[in-house]
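Chemist: Structure, please.
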Amino acid sequence: MSGEGVESWRGEDDELLADVARRYYLDNTSKVEIAKQLGLSRFKVARLLEGARERGIVQIQIKSPSPVDRGLSEELAAVLGIPRCVATTATGSAEQVRAQVAEAAARTVMPLVRAGDLLGLTWSRAVDAMVDHFDALPSCTVIQMAGSLHSPAGGGTTVDLARRAAELAGGTAYAVHAPLVVDDVAAVTALRRQPGIADTLAMADGLDISVVAIGAWRAGCSTVWDAVSESVRDEGVAGGAVAEVSGHLLDVDGKLVESPLEQMIIAVSIDQLRRPAERVALAAGAHRAPAVIAAVRSGLVSTLVTTTDLAREVLRLLAAAERNPV
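Modeler: The predicted structure is shown next:
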C-alpha cells in the first residue's frame with residue numbers, strides 16, 4: 001500500500017492536521033485548493049482531515065433541533081397537494097410551541113432564499129420569532145406585506161421585522177408606514193395611494209418568496225381578530241370566515257370573504273399573496289386545522305410549517321370529508 005494509504009496521517013504532527021482542518025471547515029476551502037496551497041495531493045488532504053477527526057482536533061457536534069415527523073410531513077404534503085410540509089413535534093406552553101415552530105420555519109426558509117430574491121414578510125408572533133432564529137440570509141430585498149400590527153403579548157412590529165431580516169441579508173427593507181387595520185374607509189383609500197405605501201405594496205407583484213402565519217377567525221387565534229370591533233368580527237363569521245391571512249378572511253373553500261374588514265386593511269392583495277413561487281405559511285395548534293385547509297385551497301401555501309397535532313387534525317378532517325361528501 002502506498003504512502004497515501006488509510007493511515008498516512010499517523011506520522012503527521014497536530015499543527016499540520018489543525019491547519020488543514022481550519023482551511024477546510026472554517027475557511028470553506030476545497031480539498032483540491034488546499035492540496036494546491038500546501039503542495040499535497042487531494043488524497044493526502046482527505047487523509048489528514050480524517051486524522052484530525054480521529055485525534056479529536058476536529059470535533060463535530062450536531063445540534064438536534066425540534067424533531068420533525070418526516071413520515072407525517074410527507075403524508076400531509078401529499079394529501080394537501082403542496083410540495084413541502086414540515087410537521088414538528090412541538091411541546092410545552094403555547095409560547096414554547098410557537099418558538100419551536102419558528103425555529104423549524106427558520107431552518108426551512110433559509111435554504112429557500114437566494115441572492116437577489118424579493119422576500120415578503122407579514123408580522124405575526126411566530127414570524128417575528130422565526131427571524132430571531134435566522135443565522136444569515138443571502139443578499140436580498142425584504143418588503144413588508146401588510147401594515148403594522150402591535151401585539152398585546154409583546155414582540156416587535158412588521159416594520160421592525162422587515163428591517164431585522166434585511167440587516168441579516170445585507171439588503172434593503174421597504175416598509176409600509178401605516179397600521180394594518182384602519183376603521184375609516186376613506187382614510188384607508190388615502191393611505192393606499194400614498195407614494196411610499198403604494199410603491200411598497202406594488203413591489204409584491206414581483207415577490208419570489210413570502211412568509212405568513214395562518215390565523216383562525218376566532219378569539220385568541222388571530223391578532224387581527226383582537227384588533228377589530230365585535231361587529232367586524234361577527235360579520236366575518238357570518239360571511240363564513242374560518243381563516244385570516246395577512247388581514248384577508250377566507251372561507252372553508254379558500255374563497256375570499258368580502259367582509260367590511262377587506263376595506264379596512266392596508267396590505268398586499270390576496271392575488272399578490274398567490275404569486276410567489278415559494279409561499280411559506282406557519283401554523284400551530286389543532287384548532288387551526290380548518291384555517292390551514294382554507295389557506296391551502298386558496299393557493300396561499302406551497303410550504304407549510306406546522307405541528308404534528310395540527311397535521312393529524314388536518315388529515316382527520318380531510319379524511320372525514322372524503323367519507324362524507326356534502
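Chemist: can we go C-alpha only for contacts and neighbour counts from here?
Modeler: Noted.
Chemist: so where do the helices sit in the stretch 201-326 of the chain?
Modeler: Taking DSSP state H, counting those that start in this stretch as the criterion, the stretch 201-326 of the chain carries its helices at 223-227, 230-238, 270-274, 289-297, 308-323.
Chemist: got the contact list for the third one?
Modeler: Residues external to helix 270-274 that are found in contact with it (C-alpha atoms under 8 Å, 6 or more residues apart in numbering): Ala204, Asp205, Ser210, His248, Leu256, Arg279, Gly299, Leu300, Val301.
Chemist: Quick check: bridge partners of the fifth one?
Modeler: By that I understand Leu256. Here Leu256 sits in beta bridges with Leu250, as judged by DSSP bridges.
Chemist: Do I have it right that it meets Gly247?
Modeler: No. Contact status for Leu256 versus Gly247: not in contact, 10.9 Å apart, counting by C-alpha atoms under 8 Å.
Chemist: out of those two, which sits in the busier spot?
Modeler: With neighbours defined as other C-alpha atoms under 10 Å, Leu256 and Gly247 compare such that Gly247 has more, 26 against 20.
Chemist: related to what we said a few turns ago, need the winner for burial among the helices of the stretch 201-326 of the chain.
Modeler: The highest average neighbour count among those, using mean count of other C-alpha atoms under 10 Å, belongs to helix 289-297 at a mean of 25.
Chemist: now that helix: how far from the chain's centre is it?
Modeler: For helix 289-297, the distance from its own C-alpha centre to the chain's C-alpha centre is 17 Å (C-alpha atoms, centre = their mean, to the nearest Å).
Chemist: Can you dump the C-alpha atoms of that helix in CSV for me?
Modeler: Backbone C-alpha positions of helix 289-297 (Å, rounded to 0.1, in the frame of the first residue of the first chain) are rendered in CSV as follows:
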residue,chain,number,x,y,z
ALA,A,289,-56.8,22.9,11.1
PRO,A,290,-59.8,24.3,9.2
ALA,A,291,-57.9,27.6,8.6
VAL,A,292,-54.9,25.7,7.2
ILE,A,293,-57.1,23.8,4.8
ALA,A,294,-58.7,27.1,3.7
ALA,A,295,-55.3,28.8,3.1
VAL,A,296,-54.1,25.8,1.1
ARG,A,297,-57.2,25.7,-1.0
